[in-house]
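1. Structure of the sequence below:
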Amino acid sequence: MTKFNIKTVIIGAFLLLNGIGATAQNTDKEQKMIELSEKKWEWMADKDADKLEDLFHDKSQFVHMGGSWGKDREVEVIRSGGIHYKKADIHEVSADIIGNTAIVSSRITLLAVVGGNEVTNPFIATEVYVKEGKDWKLANLSFVKQLSSPNED
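-> Okay, the predicted model is just below:
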């Protein structure tokens, strides 16, 4: 191999290995989205409807096992206790940012009170945020029930 080719291989290997390490870590922006998601789960557990109302986009959609609805109904359901998101145990979380859109995907076990009954379900929760000015607004929250609990992995 020529001197030029050896340098090219070394530099290429360095860039490849650096790139692999970078994909395993969240960027600062992605980490901030994960932290915002965690705060949202806390606000839901605390029934802090005022903070959630500010976080939710006016045209937001919420998809549950029992139906889907918009911002006003979700805020009212939380405020009234129709659904009390008592605790979300987050097992895995990832965030991706595409322009002014952020997608947070979490594998959770959700302890909730629904219609007076306490239930625990394993979900994949997908949150879609849109950036408006300097603020991120939750545009969509969807729950997909998993067939097995996270402890069965």
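2. switch to C-alpha atoms for all contacts and neighbour counts from now on
-> Fine.
3. in this protein, which spans are helices?
-> 3-23, 28-45, 49-55, 71-80 (DSSP state H).
4. Out of those, name the one with the poorest average pLDDT.
-> With a mean of 45, helix 3-23 has the lowest mean pLDDT of the helices of the chain.
5. Tell me, what's the model's pLDDT at residue 150?
-> 61.
6. no wait, residue 147
-> pLDDT, read off for residue 147, is 88.
7. now residue 143
-> Reported pLDDT at residue 143 in the predicted model: 96.
8. Without its sequence neighbours, what residue ends up closest to the residue nearest the centre of the chain?
-> Closest to where the C-alpha atoms of the chain average out (C-alpha atoms, centre = their mean) is residue 104, at 3.1 Å. Excluding the flanking residues, the one nearest residue 104 by C-alpha to C-alpha, 6 or more residues apart in numbering is residue 95, at 4.4 Å.
9. what residues are up against the one you found?
-> By C-alpha atoms under 8 Å, 6 or more residues apart in numbering, the residues touching residue 95 are 26, 30-31, 33-34, 102-105.
10. Pull out the buried members of those.
-> 30, 33-34, 102-105 (16 or more other C-alpha atoms under 10 Å).
11. Now do the closest residue to residue 113 other than its chain neighbours against residue 46, distance only.
-> Closest residue to residue 113 apart from its sequence neighbours, by C-alpha to C-alpha, 6+ apart: residue 84 at 5.0 Å. Relative to residue 46, residue 84 is positioned 9 Å away (C-alpha to C-alpha, to the nearest Å).
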